[in-house]
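>>> let me see the structure of the following:
(one chain, ligands or ions: 2)
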Amino acid sequence: MKTVRDATYDLLRKFGLTTIFGNVGSTEETFLKNFPSDFRYVLGLQEASVIGMADGYAQAMRRPAVVNLHTGAGLGNAMGNLLTAFQNKTPLIVTAGQQTRKMLLLEPWLTNVEATTLPRPWVKWAYEPARPEDIPAAFMRAIATALQPPSGPVFLSLPLDDWETPCEGPAVLRSVATRIAPDPDRLAEFAKTLAAASSPVMIYGAAIARGSGWREAIAFAEALGAPVWAAPACERAPFPEDHPLYCGGLPFAIGPLSERLKGHDVALVVGAPVFRYYPYVPGSYLPDGLRLLHISEDPAETARAPVGESLIGDAVLSLASLAALISGHEPKRGKPVQKLPHRMAPHASSAEARSADGLLSAAEVFEALNEIRPADTVLVEESPSNLAQLHKAWPITEPDTFYTFASGGLGWNLPASVGVALAEKDSGRNRPVIVIIGDGSFQYSVQAIWSAAQLKLPLLIVVLRNGEYCILKSFAALEQTPGVPGLDLPGLDIVSLARGYGCEAARVGEITAIKKAASEAWTKDRPTVLEIPISAEVPPLI
Ligand SMILES: Cc1ncc(C[n+]2csc(CCOP(=O)(O)OP(=O)(O)O)c2C)c(N)n1
Ligand SMILES: [Mg+2]
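Ligands and ions are numbered 1, 2, ... in the order given. Alright, predicted model coming up:
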């Protein structure tokens, strides 16, 4: 007699979802009992790390990942990175055990009291099956929901006493479409407007990278002869940064962003929000005379844009159709554009010179790392105060070699880099992976490095030790809020932490040693953490 558990594992197996990222408790052991030998369980020591690893893995494998958490307590720990997964649009099947149905009414220890409310609003769907027999079909609906555009995480709460229930037959396998074609009439209007523009400009977003659309993005920009910006705070690189049409990343503040678009008459935003801002710097959303066209697969994104004319549709399909619609069009010999060297923050200044305290600047570290890295190295980044320097020193020239979070919620990139490194291994691509992270950011999901050690991943983890939350000092200057406590990080020994979790680790403060240690890291069978003391100078935020 087949059980609900058998039918569920069969379903997951048929979808190739045989890796489960989890942290286990009493309410999950009934699901994990006699764990099938063709499945792999990736243990994360805290749930923020579990979700982050699954997210990185799902993105890099381009398929959903399955997560198993411990009821409400585990889900609670995971929430920050669940928020990020939702904004990243990563399809995750997040599950959590639930107390036994036999006692749910009286709320015993670890009951997930409002299980389907807790993960909201950061899941597309949350469900606790009404009957045990519904679990396999609920997984099928979860997979379909997670994959359909806009893709994202879903949640299933699974009572611990459901798994031995006889199933009503094998789960019904279904497939769903993952791309939505744009309305052809409106797209034709967009094409007409763009072709007639005297100075069009492209603003490309992460959906292009998620849809493997560099080729289409390049072809359309070239056909139009339009300069290309990356959308502000873009979590994936949508365009090769060494392309002659590439201008850099737009600033993530209203006034400065609008400034950058001056002189153009039509802007096309593809696969990004309009716009992702961070500090409030007032101004008009767009410069005078600029008409904004917006294409996104996400109706929430098009609905909340404060300006523009929108079209719901897949980024890459839309670009390919637009290119066909303007074929024969003479490309504009666009006026030269002022280039910004990076995708995220609009400054790239003070770390360039030798610092007053004699320590290396972040820019010097990035230049050294860029010099020794293979071209296809995958960069994962959570290094808030020196993003500008990083993107200047390290142009992304190959697809799928840059990941960061769409949310700004710290604690995502370290576990995500572990998931990305695991995907490099599983996919056989075996590209080197590096995560560059601030000494503050390193702490939020630090236990992910233990999973990387257990998985024997040759991940290079570079921790920039400036002893502070530097960007918050920049923010305090911008917002004129002197005297904020809690911005310094004395007494952290990152090398000891790393060794404690089973990683190779060293403190290196000099360029030659950094280059040597970094090159060696990718040849090892475990992660290497390099703690690099850097200057504590505070750059301006804008
Ligand atoms: C989960 C979460 N908690 C707190 C913050 C606020 N925050 C933003 S940047 C930052 C400091 C980051 O410090 P560090 O990683 O050392 O980078 P640095 O600014 O020094 O380059 C903090 C605490 C956040 N964004 N997310
Ligand atoms: Mg710091």
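>>> so how far is Ala505 from Lys262?
According to CB to CB, to the nearest Å, Lys262 and Ala505 sit 48 Å apart. Placement of C-beta: from N, CA and C, glycine included.
>>> more crowded one of those two?
Neighbour totals were compared for Lys262 and Ala505, and Ala505 leads with 23 against 11 (other CB atoms under 10 Å).
>>> would you map the strands across the stretch 51-200 of the chain?
Ranges of strands in the stretch 51-200 of the chain, per DSSP state E, counting those that start in this stretch, are 65-69, 92-98, 126-127, 154-159, 200-204.
>>> export these as a markdown table, with columns for distance to ligand 1.
As requested, these are exported to a markdown table (distance: least, CB to the nearest ligand atom, whole Å):
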| stretch | distance to ligand 1 |
| --- | --- |
| strand 65-69 | 18 |
| strand 92-98 | 18 |
| strand 126-127 | 22 |
| strand 154-159 | 20 |
| strand 200-204 | 24 |
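>>> near ligand 1, which residues of the stretch 301-450 of the chain?
Contacts of the stretch 301-450 of the chain with ligand 1, taken as CB under 6 Å from any ligand atom, map to 383-386, 408-411, 438-441, 444.
>>> now with 5 Å, please.
Within the stretch 301-450 of the chain, the positions adjacent to ligand 1 are Pro384, Ser385, Gly409, Leu410, Gly438, Asp439, Gly440, Ser441 by CB under 5 Å from any ligand atom.
>>> spatially nearest residue to the most centrally placed residue in the chain, not counting backbone neighbours?
Centroid-nearest residue in the chain, with CA atoms, centre = their mean: Phe405, separated by 3.7 Å. Sequence neighbours aside, Trp412 is the residue nearest to Phe405 in space, at 4.3 Å (criterion: CB to CB, 6 or more residues apart in numbering).
>>> what sits against the one you found?
When contacts are counted by CB atoms under 8 Å, 6 or more residues apart in numbering, Trp412 is found next to Gly52, Asp55, Gly80, Asn81, Thr84, Glu382, Phe405, Ser445.
>>> pretty sure the second one is touching Ser417, no?
No: no contact is recorded between Asp55 and Ser417 when judged using CB atoms under 8 Å, the distance being 10.7 Å.
>>> just want to know which of the two has more residues nearby.
More crowded of Asp55 and Ser417, by other CB under 10 Å: Ser417, with 33 against 30.
>>> what's near enough to touch the more buried one?
Ser417 sits in contact with Gly56, Val380, Tyr403, Val433, Ile434, Val435, Ala448, Ala452, Leu459, Ile461, where contact means CB under 8 Å, 6+ apart.
>>> run the last query once more with 7 Å
Gly56, Val380, Val433, Val435, Leu459 (CB atoms under 7 Å, 6 or more residues apart in numbering).
>>> coming back round to it: so the residue nearest to the centre of the chain is in contact with Ala233, correct?
No: counting by CB atoms under 7 Å, Ala233 is not a contact partner of Phe405; they are 9.0 Å apart.
>>> state the distance from the residue in the stretch 1-150 of the chain that ligand 1 sits nearest to to Ser199.
For the stretch 1-150 of the chain, the residue closest to ligand 1 is Gly80, as judged by CB to the nearest ligand atom, at 5.2 Å. For Gly80, the distance to Ser199 equals 42 Å [CB to CB].
>>> which one of the two is surrounded by more residues?
Gly80 (21 against 18).
>>> chain neighbours aside, what residue packs nearest to that one?
The shortest distance from Gly80 to any non-neighbouring residue, by CB to CB, 6+ apart, is to Gly409 (4.9 Å).
>>> give the other helices and strands that the lengthiest helix in the chain contacts.
Counting by DSSP state H, the longest helix found in the chain is helix 71-88. For helix 71-88, the packing partners by 3 or more CB pairs under 7 Å, 6 or more residues apart in numbering; DSSP states H and E come out as helix 47-61, strand 92-98.
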